[in-house]
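In: Fold the following and give me the result.
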Amino acid sequence: MPLPEKNSDLNSLQWQAVIHRDRHLLIMAGPGTGKTHTLTRRIEGLCQELEKGQQVLAITFTHKAAREMQERLKTLLHDDLDRIYVGTFHSFCLKVLRHFRELAQLPDDFRILLPEETQNLAKELWPKLSSAERNHRLEEISRCKSDAEVFSHPQWLDHYNQHLKRRGCLDFDDLIALTVELMKHHSSARIELQRGLRHICVDEFQDINARQHELLKQLTSAEEKIFLTAIGDPNQAIYGFRGSRVIYFENFASDFAGAQILELSENYRSAQSLLKASTQVMAKDQRFGVPSVVAKMQAEGHLIIHAAATDKAEAEFVVHEIEKLVGGTSLFSLDSKRVDSAGEAEVGFADIAVLYRLNSQRFVLEEAFSRSGIPFFTSADQSREEWQDWKKPEQNSQKAESNNFETQKVSLLTLHAAKGLEFRVVFIIGCESNLLPLQMDQMMADPQEERRLFYVGMTRAKTKLYLTHAGRRQLYGQFRQQTPSPFINDIEEDLKAYHVSNQKSRPKKKQTQIGLFD
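Out: Got it, this is the predicted structure:
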């Protein structure tokens, strides 16, 4: 079948990725390079070339991403979605296990344990452990189940699994692990799955773990070739603590023989000066040979560094800057002279995000935002929305009635939660040596992954990026003296502007009304 003609909405690099055929393909897509657009257009073309009874399997990591891809494909394929299955690794494996539940030795009415139920089970099994110790044990269980190369495990894991089995339940990590075991030990199930597949497309490939990698190897092991398309950015590999292994990105060509590697490097999101700054941060972690992204949009970028005395002063600075950006949020902000006038807003609330390394940093922000009247949305709200998809699976393919990122609220998010999003203005607070990179008490993160996390935060910004740090911060009940993050020093001075707070006291407003008791 002849390849489709090139469309005007694709650049030459994207077009090469869309028309590639008959080999495995790895697309290395930097931030803002049109990754989702390229992948959906490629899937559109693949679907149109399928033989009768064949499907494309498109796998994402979140239900939100799956919904967005489904909506795009619905438009491109004109509602003819029978040729494609779009879902997360977990939702796909749940579908497989339900179909082959007898072979997998699962009860007809098995169900998935929700996070709060998992926490309750942990309390029941280990009542003498503290909450932190129980969470640590659950994290260890998740790592054991997600890592196909773990051959030994703690004895209490068997006890945990036995309780799940007695209740007719699985946890989320069981979904992928049991599907892999099903295909390894029951070739009939694997062959039946493969018979209906022609292409597999995986988004955010840099985030896969060992079990997910093994699942893809099993699915592509058919005699009739099934081709894998993987797309992602190793510079945005930030989930090592969950068991993700960026090495699978690096080893793609050897793991999937005959694969071709293509690169997308034209950025349509951020100003060139911001891209240059983020590239300088990543210059010390170039093991993957990722090409630098080049700005295609003509916009002036601003990178502002602000040093605050304390975390509370830092939060007040953020509030003050947002009030200026939106043109004033209340009579208080105007009356107090925090903004000069209620003129036309430069940006709206939904155009702004405040990012932080630890979730506990948000509480000072929430207090300052609540006082100022600025509406906001948090990572915790985002997580609750994601879990709703498991409580109401029949709604997974429907567009959410309300999208909090489209309403007029500032997004307060962890750096991890901000991945995949974009904003005109981004604040990264807590740019300090023990927070970014995280090297504090028992929290000792991988320095290179922390560098990539900082890069993810920086590349969310379109035109304005604030990097703030405090000299004194309260964390987990302790006051700590802080120093600026070394990542800031990796950016050349010519790209940075320093904001100095005006410490002069404002004149008192002249009284224009007689007091009640005068």
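
In: so where is the stretch 401-518 of the chain shaky, pLDDT-wise?
Out: Low-confidence segments of the stretch 401-518 of the chain, defined by pLDDT under 70: 401-406, 501-518.

In: ok, now with 50
Out: For the stretch 401-518 of the chain, applying pLDDT under 50 flags the ranges 401-406, 503-518.

In: Going by residue numbers, what spans are helices in the stretch 51-200 of the chain?
Out: Along the stretch 51-200 of the chain, the segments classed as helices by DSSP state H, counting those that start in this stretch run 63-76, 89-99, 115-125, 131-146, 155-166, 172-185, 187-195.

In: wait, which of those is closest to residue 208?
Out: Closest to residue 208 of the helices of the stretch 51-200 of the chain is helix 89-99 (CB to CB; 8.1 Å). C-beta: built from backbone N, CA, C; applies to glycine.

In: as a whole number, average confidence for that closest one?
Out: Mean pLDDT, computed over helix 89-99, is 95.

In: Need the nearest residue in space to residue 448, chain neighbours excluded.
Out: Counting by CB to CB, 6 or more residues apart in numbering, residue 448 lies nearest to residue 285, which is 5.1 Å off, once chain neighbours are set aside.

In: For that neighbour, grab the count of nearby residues.
Out: Using other CB atoms under 10 Å, residue 285 has 16 neighbouring residues.

In: which residues touch it?
Out: Taking CB atoms under 8 Å, 6 or more residues apart in numbering, we find residue 285 in contact with 235, 448, 451, 452.

In: quick one: it from residue 451, how far?
Out: The gap separating residue 285 from residue 451 is 5 Å, by CB to CB, to the nearest Å.

In: Then residue 101?
Out: 44 Å.

In: now residue 252
Out: Distance of residue 252 to residue 451, computed by CB to CB: 22 Å.

In: do the same with residue 215
Out: 29 Å.

In: And stretch 71-83, end to end?
Out: Taking CA to CA, to the nearest Å, stretch 71-83 runs 15 Å from one end to the other.

In: In the contacts of residue 285, find the pair that's most separated.
Out: Top of the distance list for the contacts of residue 285 (CB to CB): 235 and 448, 10.5 Å.

In: Neighbour count: the two, which is higher?
Out: For residue 235 and residue 448, the more surrounded residue by other CB under 10 Å is residue 235, and the numbers stand at 25 against 15.

In: Need the phi and psi values for that one.
Out: The phi/psi pair for residue 235 (degrees, to the nearest 10) reads phi -70, psi -10.

In: for the spatially closest residue to it that is not a sequence neighbour, helix, strand, or coil?
Out: Nearest residue to residue 235, sequence neighbours excluded (CB to CB, 6+ apart): residue 290, at 5.2 Å. Secondary structure for residue 290, judged by DSSP: H, G, I helix; E, B strand; the rest coil, is coil.

In: Which pLDDT value goes with the residue nearest to residue 448?
Out: Residue 285 is assigned 75 on the pLDDT scale.

In: roughly how far apart are it and residue 254?
Out: Applying CB to CB to residue 285 and residue 254 gives a distance of 22 Å.

In: what residue is smack in the middle of the protein?
Out: Nearest to the geometric centre of the chain sits residue 419, at 3.3 Å (CA atoms, centre = their mean).

In: Go ahead and confirm that one touches residue 236.
Out: Yes - between residue 419 and residue 236 a contact is recorded at 6.5 Å, counting by CB atoms under 8 Å.

In: any residues in contact with both of these two?
Out: Common neighbours of residue 419 and residue 236 are listed as residue 456 (criterion: CB under 8 Å, 6+ apart).

In: The closest residue to residue 169 other than its chain neighbours: neighbouring residues, count only.
Out: Sequence neighbours aside, residue 113 is the residue nearest to residue 169 in space, at 4.7 Å (criterion: CB to CB, 6+ apart). When neighbours are defined as other CB under 10 Å, residue 113 has 18 of them.

In: who touches residue 113 in this structure?
Out: Per CB under 8 Å, 6+ apart, neighbours of residue 113: 121, 164, 167, 169, 170, 171, 172.

In: swap in residue 202?
Out: Residue 202 makes contacts with 59, 208, 216, 228, 229, 230, 231, as judged by CB under 8 Å, 6+ apart.

In: in the stretch 401-518 of the chain, which spans are helices?
Out: With DSSP H, counting those that start in this stretch as the criterion, the stretch 401-518 of the chain has helices spanning 447-458, 486-489.

In: Against residue 229, how distant is residue 14?
Out: From residue 14 across to residue 229, the span is 13 Å (CB to CB).

In: er, residue 58 I mean
Out: Applying CB to CB, the value for residue 58 to residue 229 is 9 Å.

In: Name the residues contacting each of these two.
Out: Listed as contacting both residue 58 and residue 229 by CB under 8 Å, 6+ apart are 39, 200, 201.

In: Dump those residues into JSON lines; add pLDDT as well.
Out: Shown next, in JSON lines, are these (pLDDT from 0 to 100):
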{"residue": "39", "pLDDT": "96"}
{"residue": "200", "pLDDT": "97"}
{"residue": "201", "pLDDT": "97"}
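
In: Can you list which of those are found in strands?
Out: 200, 201 (DSSP state E).

In: ok and the longest strand seen in the chain relative to helix 447-458, angle-wise?
Out: Ranked by residue count and defined by DSSP E, the top strand of the chain is strand 461-475. Angle, strand 461-475 to helix 447-458, by axes from the mean of the first three to the mean of the last three CA atoms, to 10 degrees: 130 degrees.

In: Would you mind giving the helices of the stretch 51-200 of the chain as TSV with distance to residue 375 and mean neighbour count added?
Out: Formatted as TSV, those follow (distance: least, CB to CB, whole Å; neighbours: other CB atoms under 10 Å):
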stretch	distance to residue 375	mean neighbour count
helix 63-76	21	18
helix 89-99	32	20
helix 115-125	27	14
helix 131-146	31	16
helix 155-166	41	13
helix 172-185	32	20
helix 187-195	46	15
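
In: what's the burial count for residue 31?
Out: Residues lying near residue 31 (other CB under 10 Å) number 22.

In: Oops, could you answer that again for residue 225 instead?
Out: For residue 225, the neighbour count with other CB under 10 Å is 11.

In: Where does it sit: helix, strand or coil?
Out: Remark: residue 225 carries the secondary structure label coil [criterion: three-state DSSP].

In: roughly how far apart are it and residue 23?
Out: Taken as CB to CB, the span from residue 225 to residue 23 is 9 Å.

In: Same question for residue 411.
Out: 40 Å.

In: Which one's more surrounded, these two?
Out: Neighbours were counted for residue 411 and for residue 23 using other CB under 10 Å; residue 411 has more, 25 against 14.

In: wait, what's in contact with that one?
Out: Residue 411 neighbours (CB under 8 Å, 6+ apart): 350, 352, 353, 354, 376, 377, 378, 404, 405, 418, 421, 423.
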